[in-house]
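Trainee: Here is a sequence together with a model predicted from it:
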Amino acid sequence: GQQVMQIPQYQHVQEGEDFTTYCNSSTTLSNIQWYKQRPGGHPVFLIQLVKSGEVKKQKRLTFQFGEAKKNSSLHITATQTTDVGTYFCAGAYNNNDMRFGAGTRLTVKP
Amino acid sequence: GAGVSQSPRYKVAKRGQDVALRCDPISGHVSLFWYQQALGQGPEFLTYFQNEAQLDKSGLPSDRFFAERPEGSVSTLKIQRTQQEDSAVYLCASGRPLKGQFFGPGTRLTVL
């Protein structure tokens, strides 16, 4: 069935280092969304990418959607302790059916 | 309302008991999703509503799971004859097309 694979599962960085998480789908996505979930919290919507090759930035976060609309990445520049949490991608296959990746848990050492 | 609300926040059920989980979406949001999230995992899609219509229920794990949204606002997820493997956090999310989803705090279900 339709699946979204996300790597890495865990990432531990020193504060100030960069961080990247990657998502890949076996089939073409209509759009992809990114969420952040803090420990004990619920997923919080960050951004949605719709167009092939789209790149969006939010301060230190850069989101990319692949040309084939099958993969996406989230890159954080110069991580801070406030970036700690689990980052999920969620792929939409028909604008209704959402498939979440397993998430990348980011820890930041001050 | 200010956000998506869910009740109860915590539910402990004995195996075999029926439970009902409620979701109050953000007013005006057409889309409503239910997810199941196990510890350390991503949310697993259960079902999707557009207004009162249940357009996709392919993620419901068995016929013990049933969801409804009769008036296109509040939704209820019902689990009959709960089993231990049903223990998880059940998340509800609402949204507008192509605008992302806003999640509620979830209901943590523990089946003993």
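Mentor: Now that the structure is in, tell me what you want to look at. Residues are numbered from 1 along each chain as shown, chains lettered A, B, ... in the order given.

Trainee: does residue A:36 really touch residue A:86, like I thought?
Mentor: Yes: under the criterion of C-beta atoms under 8 Å, residue A:36 makes contact with residue A:86 at 7.3 Å. C-betas here are computed from N, CA, C, even on glycine.

Trainee: OK, contacts around the most centrally placed residue in chain B?
Mentor: Ranked by distance to the mean C-alpha position of chain B (C-alpha atoms, centre = their mean), the top residue is residue B:34 at 3.6 Å. Under the criterion of C-beta atoms under 8 Å, 6 or more residues apart in numbering or on different chains, the contact partners of residue B:34 comprise B:23, B:46, B:47, B:48, B:67, B:75, B:77, B:90, B:91, B:92.

Trainee: Before we go further, residue B:93 is sitting in a helix, right?
Mentor: No: residue assignment for residue B:93, taken from DSSP: H, G, I helix; E, B strand; the rest coil, gives strand, which places it outside any helix.

Trainee: Now do the strands in chain A.
Mentor: When secondary structure is read from DSSP state E, chain A shows strands at A:4-7, A:10-14, A:19-25, A:31-37, A:44-49, A:55-58, A:61-65, A:71-76, A:85-92, A:98-100, A:104-109.

Trainee: ugh, typo on my part, it should be chain B
Mentor: With DSSP E, the ranges of strands along chain B come out as B:5-7, B:10-13, B:19-24, B:31-37, B:44-50, B:53-56, B:65-68, B:75-79, B:88-95, B:101-103, B:107-111.

Trainee: Relative to residue A:26, which of those strands is closest?
Mentor: Of all the strands of chain B, strand B:44-50 sits nearest to residue A:26, with 15.9 Å by C-beta to C-beta.

Trainee: how big is the angle separating the closest one from strand B:19-24?
Mentor: 50 degrees (axes from the mean of the first three to the mean of the last three C-alpha atoms, to 10 degrees).

Trainee: packing partners for the helix or strand of chain A with the lowest mean pLDDT?
Mentor: Taking mean pLDDT, DSSP states H and E as the measure, the helices and strands of chain A show their lowest mean at strand A:98-100, namely a mean of 87. The criterion is 3 or more C-beta pairs under 8 Å, 6 or more residues apart in numbering or on different chains; DSSP states H and E, and the helices and strands that strand A:98-100 contacts are strand A:85-92, strand B:44-50.

Trainee: Residues in contact with that strand: which ones?
Mentor: Strand A:98-100 is contacted from outside by A:2-4, A:25, A:33, A:35, A:88-93, B:33, B:35, B:42-45, B:48, B:101, using C-beta under 8 Å, 6+ apart.

Trainee: Paired strands for it, with orientation please.
Mentor: When sheet partners are counted by DSSP bridges, strand A:98-100 sits next to strand A:85-92 (antiparallel).
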